[in-house]
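>>> Need a 3D model of the following:
(one chain, ligands or ions: 1)
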Amino acid sequence: MTSNIQKRDSLFRYLISFMVVTLALAQGCRNESLRNIPEEGLAAINADSLRRHISVLSADSLFGRKPFTAGEGKTIRYLKQQFAAAGLEPGNGDSYLQEVPMVNILATADPAMQVTAPGGEFTLRAYDDYILWTDRTVASISLDKTELVFAGYGIVAPEYNWDDYEGLDVRDKVVMVMINDPGFRSGDPAFFKGETMTYYGRWTYKFEEAARQGAKGCLIIHNKKAAGYGFIVQQNKFNNTRLQLVRSENEPEVCEAIGWVPESTACRLFTAAGYDSLLLEQAGKPGFRGMPLNLKLTTGMTVQSSYNKSYNVIGRITGTRRPDEVIIYTAHWDHLGIGKPDEKGDSIYNGAFDNATATAGLIELARAFNSLGKKPERTVVFLSVTAEEQGLLGSEYYAQNPVYPVEKTVANINMECLSRNIVTKDRILIGRGQSELDDYLEEELRRTGGYISDETHPEAGYFFRSDHFSFAKAGVPALYAVSGVDVIGKGREYGIRVQNEYRDKNYHRPSDEYDPETWTMEGAVEELKTLFMVGNRLASEKKWVQWKPGSEFKAVREAGRQDVK
Ligand SMILES: [Zn+2]
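Take a look at the predicted model:
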């Protein structure tokens, strides 16, 4: 009996899937015949000109493209020139620039921190055992026997019935919390979002929440897997200048002292407090309560702040029929500047892959749209933002001070790190399931024999780590897809190895340099063609793409737009 039902069931399923496939094919053909392929636009996207832009943008003479340096001036000038040469109109009135007022904060931390424990005192060394900085613009900050509290993941998330601060008094204390969220180590996809990091897992959230709780300081416990990068990435920023948007009076205050400790330091502190590293596991279990550690921290830092302006570079092609409706392509132009030398003595963080590749791609897309015989009906904006590496500041400023109203902005398509030396069949869609833009990408990939892969590191929270996130927060549907791993002729394992190798050896290091021998940019051309097709379709149609049900950004969009159905 069971087997009969199964047989009937599978026949039924077979028929259903046959019908689905037939319908999908018919649908595909219809879309195909309706859409003519803008060959002249596709043909304009060119690997050699990408390579030329990348070699200029990542040259040592641009000093790593850090905002407020001589490198910024040169970068901005080049982009303005190239936008004009690509036929773009100025995107901000009669200017290609949008001013972004920022404050540059240099916190110089004491070389050590005293820890007063029940069993005696000991010293932690700055850089090796912890890093500390401030986002406040005061002359100095000091911790003077300030109490330390462990607050698990430091998360208050009513929708997950989770509150790490419940019953804890952290006012004027330093709170130590873990990176990522409890779903990460749980193995349960339904607990938070399982392996996929929620915004509660991001370091920016940890500092924001600690400030809301009234803490004087916040230290995040680093873990390479949970953070998605090594501790060295944080160490590289130590005692270096940091940029912030100028805070307005009514914005909430930030913690006085913020920073990171490696897991080894956290364990030392737990031991001194009479606990052990098991706390790191227990913190992910429902019902876990954080605790004061009965340890006191003493250290300080001096702070210098200077105010200055950086620039977003912005150009546009005005739509022929609905010019007030815009599609915005973004790629950040900035990188990390000059910093701590690597083992070879190189101190220039060229940022060739991150993000000269996509900045070059933005210029190529501009040329592609400009070479269309039939110009786009909606306006297409090309926005190269500043200070992404300092915390998405240029895009955040744009989203708060939009040149084109956000409710008239149809979509954002963001680009970072276009493929250097591999061509892949697939693309990795970051934050899959958020908006209908996923379907646009998928259809375009299917047309050209490609497909979408899942993120290789969903725990790293990449959806919150690039400029499309600033648009998403403002309610604008945003697409962020990066090169895949299924390398043509070599397969997925090879692709994953290439990706991990870059992350471990070159990401945010001086060795992220352009190599004319191996950087063919052929994969980048394919990526750009796909994104061009998606943008061109958006620019030709009347439809407003929507966030999908369940997206945390849907409500923001619908509150701002009257004509959303
Ligand atoms: Zn980047």
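
>>> how is this protein carved up into domains?
By the record's domain assignment, the chain is partitioned as 38-102+308-484+521-558, 105-305 (automatic domain parsing).

>>> Can you get me the start-to-end distance on the shortest one?
Between the opening and closing residues of domain 105-305 lies a distance of 5 Å (C-alpha to C-alpha, to the nearest Å).

>>> Hmm, N46 and E522 touching each other?
No: contact between E522 and N46 fails when scored by C-beta atoms under 8 Å: they sit 10.8 Å apart. C-beta coordinates here come from the backbone N, C-alpha and C atoms, glycine included.

>>> any idea how far the residue nearest to F553 when sequence neighbours are not counted is from the ion?
Once its chain neighbours are removed from consideration, F553 has its nearest residue in A472; the separation is 4.8 Å (C-beta to C-beta, 6 or more residues apart in numbering). As defined by C-beta to the ion, to the nearest Å, A472 lies at a distance of 17 Å from the ion.

>>> what about the helix or strand A472 falls within, distance to the chain center?
Element membership for A472, per DSSP states H and E: helix 468-473. For helix 468-473, the distance between its averaged C-alpha position and the chain's averaged C-alpha position is 9 Å (C-alpha atoms, centre = their mean, to the nearest Å).

>>> Need the residues that contact the next helix or strand after it.
Remark: after helix 468-473, the chain's next helix or strand is strand 478-483, criterion DSSP H and E. Contacts with strand 478-483, where a contact means C-beta atoms under 8 Å, 6 or more residues apart in numbering, come from 411-414, 416-419, 422, 424, 427-431, 434-435, 437-438, 440-441, 452, 462-463, 466, 468-469, 471-472, 523-524, 527, 530-531, 534.

>>> and if we set it to 6 Å?
The contact list for strand 478-483, computed with C-beta atoms under 6 Å, 6 or more residues apart in numbering, reads 412-414, 419, 424, 427-430, 437, 441, 466, 468, 471-472, 523, 527.

>>> tell me which parts of the stretch 251-400 of the chain are close to the ion?
354-355 (C-beta under 5 Å from the ion).

>>> Partner strands of the helix or strand where V303 lies and their direction?
The secondary structure element spanning V303 is strand 291-317 (assigned by DSSP H and E). For strand 291-317, the paired strands and their directions (DSSP bridges) read strand 89-90 (antiparallel), strand 97-109 (antiparallel), strand 112-117 (antiparallel), strand 140-150 (antiparallel), strand 378-385 (antiparallel).

>>> Reformat the ones you listed into TSV and put mean pLDDT and mean neighbour count next to each item.
Shown next, in TSV, are the strands paired with strand 291-317 (pLDDT from 0 to 100; neighbours: other C-beta atoms under 10 Å):
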stretch	mean pLDDT	mean neighbour count
strand 89-90	98	14
strand 97-109	95	19
strand 112-117	98	18
strand 140-150	98	18
strand 378-385	98	26
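
>>> burial count for the residue in the stretch 401-550 of the chain positioned nearest to the ion?
Proximity to the ion, evaluated over the stretch 401-550 of the chain using C-beta to the ion, is greatest for E416 at 4.9 Å. Residues within reach of E416, counting by other C-beta atoms under 10 Å, total 25.

>>> So which of the contacts of strand 478-483 belong to helices?
The helices in this structure, assigned by DSSP state H, contain 437, 441, 468, 471-472, 523, 527 from these.

>>> By neighbours, which of those wins?
Tallying neighbours with other C-beta under 10 Å puts H468 at the head of the ones in helices among the contacts of strand 478-483, with 30 neighbours.

>>> I figured that residue hits I413, correct?
No: the pair H468 / I413 is not scored as a contact, 7.8 Å apart, by C-beta atoms under 6 Å.

>>> residues from this structure in reach of the ion?
If contact is defined as C-beta under 5 Å from the ion, the residues of the chain in contact with the ion are 354-355, 416.

>>> SS state for S248?
Put simply, S248 is coil when judged by DSSP: H, G, I helix; E, B strand; the rest coil.

>>> Pull up the gap between it and V156, please.
Separation of S248 from V156 (C-beta to C-beta, to the nearest Å) stands at 24 Å.

>>> Of the two, which one has the most company?
Just comparing S248 and V156: by other C-beta under 10 Å the higher neighbour count belongs to V156, 17 against 7.

>>> surely that one meets L168?
No: taking C-beta under 6 Å as the contact criterion, V156 and L168 are not neighbours in contact, 10.9 Å apart.

>>> Spell out which residues are contacts of both of those two.
Overlap of the contact sets of V156 and L168 (by C-beta under 6 Å, 6+ apart) is empty.

>>> for the stretch 1-150 of the chain, what spans make up the helices?
In the stretch 1-150 of the chain, helices defined by DSSP state H, counting those that start in this stretch lie at 2-34, 39-44, 47-57, 70-85, listed in chain order.

>>> ugh, wrong one, the stretch 451-565 of the chain
Counting by DSSP H, counting those that start in this stretch, the stretch 451-565 of the chain forms helices over residues 468-473, 491-505, 522-540, 554-560, given from the N-terminal end onward.

>>> Not counting sequence-adjacent ones, nearest residue to K224?
Sequence neighbours aside, G230 is the residue nearest to K224 in space, at 5.4 Å (criterion: C-beta to C-beta, 6+ apart).
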